[in-house]
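Undergrad: Using only what follows, build the 3D model:
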Amino acid sequence: MAERPWPRGRRPPREEARRPLAAGSSGPGPVAARAAGPSPALRTPQRESRGRRRNLTAGATTLAHATDRATPLHQQSALQIQLQVLHALILRDIRTRFGRTMWGYVIIVGWPVAHLFVLVVTFLVRKVPAPIGESTALFIHTGMTPMIIFIYLSRKMMEGVLMNKPLLSFPDVKFLDVCLSRGLVEILNACMSVSLIMFILAVSGVNPIPDNAFLAIMSILTSIFFAFGLGIVSCNVVHIFPPFQLGFALFIILFYALSGVFFLPDGMPSEIYHVMLWNPMTNLIMVFRSAYYPQYTPDASLTYVALVSALLTFVGLLWERFFTRYI
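TA: Numbering: from 1, shown residues only. Just a heads-up that it's a prediction; the model follows:
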């Protein structure tokens, strides 16, 4: 028997595998036979159909990859790159905060609803009547909706900077991208929470539709604008001084207690009432409440809140452009 040209237990080299099995034989070796596939006589229509489908799938995948490679990163515009970065940050934020199941998102959306439910139950247990109207739940809703938007949007934007700070080491991820991505997620969460609150009120027999829908929508949009402006400033501060997060939480508690969520600011003494009108959240709550109660005509102004929000946004963007970006 001829001596084996390669060690026992090892596979033959490629050229030996393709060598004929016997002297004078012209057939392919075992590896070449496997690579060539079954002979035409053994092929069936089903096997040929599967082969065509595999070829079409592979071709479509190759075409998709070729399309992706057709516009390299250096040929994309700054807007395209920023949109891709925002999309990636939003997906990362959703995955890290809510998990991979729907229950994480249900908890985030349902938390403000539980907050309002606890307040309504507290009012009912203590037998505290609504200062205006007949429904305690509706009165709490008119005070809590602007406050929910303000608290969650401004605070979560600040927390997003602390959580995503390591991502700023990537060249395409900017400080403003982190703020915008968290802000967009929180706006969506706030809208879902408010919609769920209104649905629960409707099921409970309380009419959640305001008499002046335009005024209610403008109040919500101005609340988002104010929360975003204060959130941008807070993101810049917490990026430099992280302990500011604790001070901001105390500031929110003060806002929560003195903005008129549980009472009518009009009922306060004249000196205190005029001081409270400098609080943007007091104006937002009073205007939003007047959309549900036509007989309630407060001395509040959305224009004042919009100007304060624009000033905060302008200061925050300037701060990021000329100082935070270089830290």
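
Undergrad: Leaving out sequence neighbours, find the closest residue to the most centrally placed residue in the chain.
TA: The residue lying closest to the centre of the chain (CA atoms, centre = their mean) is Val185, at 2.2 Å. Excluding its sequence neighbours, the residue lying closest to Val185 (CB to CB, 6 or more residues apart in numbering) is Asp93, at 5.3 Å. C-betas here are computed from N, CA, C, even on glycine.

Undergrad: pLDDT at that neighbour, what is it?
TA: As predicted, Asp93 sits at a pLDDT of 80.

Undergrad: Please look at it and Glu159 and confirm they touch.
TA: No: Asp93 lies out of contact with Glu159 (CB atoms under 8 Å); the separation is 10.6 Å.

Undergrad: Contact partners for the residue nearest to the centre of the chain?
TA: Ile90, Asp93, Ile94, Lys156 (CB atoms under 8 Å, 6 or more residues apart in numbering).

Undergrad: Kindly state the pLDDT recorded for the last one?
TA: Spelled out, that is Lys156. 88.

Undergrad: Repeat that for the first one.
TA: With respect to pLDDT, Ile90 scores 85.

Undergrad: Determine the three-state secondary structure at it.
TA: helix (DSSP: H, G, I helix; E, B strand; the rest coil).

Undergrad: That one: what's its closest spatial neighbour, skipping adjacent residues?
TA: Nearest residue to Ile90, sequence neighbours excluded (CB to CB, 6+ apart): Ser181, at 5.0 Å.

Undergrad: Could you give me the buried positions within the strand or helix carrying the one you found?
TA: Per DSSP states H and E, Ser181 falls inside helix 175-203. For helix 175-203, burial by neighbour count (16 or more other CB atoms under 10 Å) applies to 175-183, 185-187, 189-190, 192-194, 196-198, 200-201.

Undergrad: Centre of the chain to that helix, how far?
TA: 8 Å (CA atoms, centre = their mean, to the nearest Å).

Undergrad: show me the contacts for Leu258.
TA: Contacts of Leu258 (CB under 8 Å, 6+ apart): Met276, Asn279, Thr282.

Undergrad: was I right about the second one contacting Val261?
TA: So that's Asn279. No: judged on CB under 8 Å, Asn279 makes no contact with Val261 at a distance of 11.7 Å.

Undergrad: Neighbour count: the two, which is higher?
TA: Val261 (21 against 18; other CB atoms under 10 Å).

Undergrad: The more buried one reaches Phe288, doesn't it?
TA: No: the criterion here is CB under 8 Å, and Val261 misses it with Phe288 at 11.0 Å.

Undergrad: For Val241, give its distance to Leu318.
TA: No, residue 241 isn't Val; it's Phe. Distance from Phe241 to Leu318, counting by CB to CB, to the nearest Å: 18 Å.

Undergrad: wait, Met192
TA: 32 Å.

Undergrad: now swap in Gly205 and tell me
TA: Taken as CB to CB, the span from Gly205 to Leu318 is 50 Å.

Undergrad: neighbour count winner among the two?
TA: Using other CB under 10 Å, the more surrounded residue of Gly205 and Leu318 is Leu318, with 12 against 8.

Undergrad: Which per-residue confidence value corresponds to the more buried one?
TA: 92.

Undergrad: got it, and Thr313?
TA: So, for Thr313, pLDDT stands at 94.

Undergrad: thinking again about what came up before, now, which of the contacts of Leu258 sits nearest Thr222?
TA: Thr282 (12.8 Å; CB to CB).

Undergrad: OK, contacts around that closest one?
TA: Counted by CB under 8 Å, 6+ apart, Thr282 has contacts Leu258, Ser259, Gly260, Pro265, Met276, Ala300.

Undergrad: Next, the buried residues of the strand or helix carrying it.
TA: Element membership for Thr282 (DSSP H and E) is helix 280-290. By 16+ other CB under 10 Å, the buried positions in helix 280-290 come out as Pro280, Met281, Thr282, Asn283, Leu284, Ile285, Met286, Val287, Phe288, Arg289, Ser290.

Undergrad: Among the residues you listed, list the two that are farthest apart in space.
TA: The span of the buried residues of helix 280-290, defined through CB to CB, is set by Pro280 and Ser290 at 15.8 Å.

Undergrad: where does this structure have its least confident helix or strand?
TA: When each helix and strand of the chain is scored by mean pLDDT, DSSP states H and E, helix 45-70 comes last, with a mean of 42.
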